[in-house]
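Trainee: Let's see this in three dimensions:
(chains A and B)
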Amino acid sequence: MTHPLAPRPFLSRNPSVGWFLGILAALCVIVTILSPAIGLDLVSTSFIKTLGKTLCLSLAALAMDVVWGYTGILSLGHMAFFALGGYMIGQWLMYARTEEIVLLSLAGEPIPSTAAEVAQGVATQIFGVVGSSDMPAIWGFAHSLPLQLALVVLVPGIIAFVFAWLAFRSRVTGVYLSILTQAMTLALSLYLFQNDSGLRGNNGLSGLQNLPGLGATSQDTVSLWFFLASAAALGLTYVLLSWATSGKFGSVLRAIRDDEARLRFLGYPVEGFKLFVFTATAILCGIAGALYYPQAGIINPAELAPIASIYLAVWVAIGGRGRLYGAVIGAAFVSLVSSWFTGGRVPAINLGFVTIDWVDWWLVLLGLSFVLVTLFAPKGIGGLFDLWQGRHSPDRKGAKLDPGQGALQERKVLE
Amino acid sequence: MTALLQVSGVSVTFDGFRAINNLSFTIGPAEMRAVIGPNGAGKTTFMDIVTGKTRPDEGSVTWGERSVSLLRMTEAQIAQAGIGRKFQRPTVFEDQTVAENLILALRSSRGPLAALVFRLDAEGRDRVAELAAEVGLTDHLPRRAGELSHGQKQWLEIAMLLAQEPKLLLVDEPAAGMTLAERERTTAMLVEMAKTCAVVVVEHDMDFVRRLACKVTVLHEGRVLAEGSLDHVTKSPTVVDVYLGRG
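Mentor: Residues are numbered from 1 along each chain as shown, chains lettered A, B, ... in the order given. Coordinates of the predicted model:
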């Protein structure tokens, strides 16, 4: 007999990884074959973009699942980090693209234009819309792709770190922390809405789908590449997070969720773990956003609105908290259904006294399913896999997993 | 013998109520001590102060040969320094397996990066198996702790404390809710542990304290009322007053 604690190979500890990568690879192959760029031209470019964006949202949901489902920190601000990642890559995309256009228009001039003239031209082009022609200081790195890519990681990372350090150091937990994260998102959003924030106020950044230097490449090809890159990022993150959450690290995170005070008496720096997880997941969201917005083409401060982060929590709840594939299923399912319903192609239902137009009623349906899932299927869609595998866990009737709530077994005897 | 833990002149006030009033307490390494006292005597607050959960208003708490002050350390740092705490109710991580609970408690670096790269080596596996065997949970290693009975959870928690390899163990009412046989086993285990580390047992049950056969500290209204053998303190008229006079 082998030792009951003998180490097992990664895939046998994480059976979902093999399935997940397999399905993701199959999706990539199918989409590539059907794509207009190099395949049979059976799906539209806009649908490939929708799929690519969905993969990015799934990536953000993975991060949310680790911070909420595993660690129990209900952050209602992670989509802010997602949007910040988008803004950071958007700055370069917009700058470099505008520079191309300005250079092209200045090429016809009899006297070769100076660097200052080019910079002035770019600034006027970008900021004319907010009545300014000066390049704000925060665009200082916008000319350089490597620097902006570094900012995709650094800006969400540093903001998350400072916020989390202040919040966790004061031992803010539970609903108070959720409210604080909402306030942070709202504050960031309101700040970006200002014209003098330097990021074009409510106009946001646009034209992000046009990649600088690739003007000749069609959107068909670009969308396919972004789709494949998003899939690769999602697959890689899935493997990484499976590895992190299946070992002792995951065990500590779940212990923080269930009873952080007890864990402190075991000598674990709970605040350090929370800070680490909050910051790391914020960075993941930033990366997801940097992949998302070039596919969406436009980003504005409305993307940071608190509601976006609440959606993220709803996706994870519907998909199933505390399991990585649940988060992906939730995000993919809900956001695809959402774009179907809000696309205006779903026939309205006429009930005589009221016509259910799905563009308006979709949110009602989403809210209702969130309530129903929370009440009747707390494990979400992911719980179906437990049914399929015949795994049953006792019905806690809403009781917390917290130790000291008494043994389930005892309670069963008592009932 | 130098003191392992020295608490001197500590006072704590909660909303005007003096929970601990100029309390002094000393324990050496490998010593067993029982702390008794009526309800509200400050037994739990005393433990909270030592483990860093509550900060005293005045006084000092020093630890170890180098007399480090515990007052500036976090709960986690104090636990890492070697002070383990057993709560009255069994507190184990119910959603995790017995093995995972033990691995969490096992002595190791506690930081996030250390946890990420942590791998249970052969030595650690043997240690977990050994601890589980010691408290009779070998067959339950893959089970979730939440499925264990109350007594088994107490044992699991004791095994987790052993895994931490503490120098000082604070035990809050270990005998509560245990059967007679379990109590005897607990007594034997505590006595065994006191050979290698200091053990402070807070207990209501006089029979249980008698079985421990150790020095007793009587707390009353946040200060030490008497100290000595159980027979000595039970003969002290002030102690009798406190216990009998108040009913």
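
Trainee: pLDDT at the residue lying closest to A:Thr173 once chain neighbours are set aside, what is it?
Mentor: Setting aside the residues directly before and after it, A:Thr173 is nearest to A:Glu260 in space (CB to CB, 6 or more residues apart in numbering or on different chains), at 7.6 Å. No exception for glycine: its C-beta is placed from N, CA and C like everyone else's. Note for A:Glu260: predicted pLDDT of 90.

Trainee: tally of neighbours for A:Glu260?
Mentor: A count of nearby residues for A:Glu260, using other CB atoms under 10 Å in any protein chain shown, gives 18.

Trainee: got the contact list for the host helix or strand of it?
Mentor: In the assignment (DSSP states H and E), A:Glu260 maps to helix A:248-265. For helix A:248-265, contacts defined as CB atoms under 8 Å, 6 or more residues apart in numbering or on different chains pick out A:66, A:70-72, A:173, A:244-245, A:268, A:270, A:273-274, A:277, A:322, A:400-404, B:51, B:74-76, B:79, B:84-85, B:87, B:91, B:93-96, B:100, B:103-104, B:112, B:115-116, B:118, B:120.

Trainee: again with stretch A:153-172
Mentor: A:77, A:81, A:84-85, A:87-88, A:177, A:180-181, A:184, A:188, A:271, A:274-275, A:278-279, A:281-283, A:285-287, A:289.

Trainee: next one: it to chain centre, how far?
Mentor: Offset of stretch A:153-172 from its chain centre (CA atoms, centre = their mean, to the nearest Å): 18 Å.

Trainee: Just the buried residues of that stretch, please?
Mentor: Of the residues in stretch A:153-172, A:153, A:155-157, A:159-161, A:163-164, A:167-168, A:172 count as buried by neighbour count, 16 or more other CB atoms under 10 Å in any protein chain shown.

Trainee: Please apply the same query to stretch A:326-345.
Mentor: So, applying 16+ other CB under 10 Å, buried residues of stretch A:326-345: A:326-335, A:338, A:341.

Trainee: Restricted to strands, list the contacts of helix A:248-265.
Mentor: B:84-85 (DSSP state E).

Trainee: Just the buried residues of the contacts of helix A:248-265.
Mentor: Of these, these count as buried by 16+ other CB under 10 Å: A:66, A:70-72, A:173, A:244-245, A:268, A:270, A:273-274, A:277, A:322, A:401-403, B:51, B:75-76, B:79, B:84-85, B:87, B:91, B:93-96, B:100, B:103-104, B:112, B:115, B:118, B:120.

Trainee: Cross these against helices and list the overlap.
Mentor: Residues of the buried ones among the contacts of helix A:248-265 located in helices (DSSP state H): A:244-245, A:270, A:273-274, A:277, B:51, B:75-76, B:79, B:100, B:103-104, B:112, B:115.

Trainee: Between the residues you listed, which sits nearest A:Pro347?
Mentor: Closest approach between those and A:Pro347, by CB to CB: A:Thr245, at 42.4 Å.

Trainee: Roughly how far does that closest one sit from chain B?
Mentor: 10 Å (CB to the nearest CB, to the nearest Å).

Trainee: I'd like to know how far that residue sits from A:Pro156.
Mentor: Using CB to CB, to the nearest Å, A:Thr245 is found at 21 Å from A:Pro156.

Trainee: tell me the centre residue of chain B?
Mentor: With distances taken as CA atoms, centre = their mean, the residue of chain B nearest its centroid is B:Leu170 (1.5 Å).

Trainee: okay, the residue in chain B positioned nearest to chain A: pLDDT?
Mentor: In chain B, the residue that lies nearest chain A is B:Ala79 (3.6 Å; CB to the nearest CB). Note on B:Ala79: pLDDT of 92.

Trainee: The nearest residue to it once chain neighbours are set aside: how many residues sit nearby?
Mentor: Excluding its sequence neighbours, the residue lying closest to B:Ala79 (CB to CB, 6+ apart) is A:Gly267, at 3.6 Å. Counted with other CB under 10 Å, the burial measure for A:Gly267 works out to 25 neighbours.

Trainee: So A:Gly267 is in contact with B:Met73, correct?
Mentor: No: counting by CB atoms under 8 Å, A:Gly267 stays clear of B:Met73, with 11.1 Å between them.

Trainee: Surely A:Leu188 is within a helix?
Mentor: Yes: under DSSP: H, G, I helix; E, B strand; the rest coil, A:Leu188 sits within a helix.

Trainee: roughly how far apart are the residue sitting furthest away from the middle of chain B and A:Gly247?
Mentor: Most distant from the centre of chain B: B:Val117, at 30.4 Å, with distances by CA atoms, centre = their mean. Distance from B:Val117 to A:Gly247, counting by CB to CB: 9 Å.

Trainee: What of A:Ile111?
Mentor: As defined by CB to CB, A:Ile111 lies at a distance of 65 Å from A:Gly247.

Trainee: Neighbour count: these two, which is higher?
Mentor: Taking other CB under 10 Å, A:Ile111 and A:Gly247 do not tie; A:Gly247 has more neighbours (19 against 7).

Trainee: Could you check the pLDDT of the closest residue to the more buried one other than its chain neighbours?
Mentor: Closest residue to A:Gly247 apart from its sequence neighbours, by CB to CB, 6+ apart: B:Phe118 at 6.3 Å. pLDDT for B:Phe118: 90.

Trainee: and stretch B:35-46, how far from the chain's centre?
Mentor: 14 Å.

Trainee: That should have said stretch B:60-79, apologies.
Mentor: 16 Å.

Trainee: Between its first and last residues, how far does it reach?
Mentor: Chord length of stretch B:60-79, first to last residue, is 18 Å (CA to CA, to the nearest Å).
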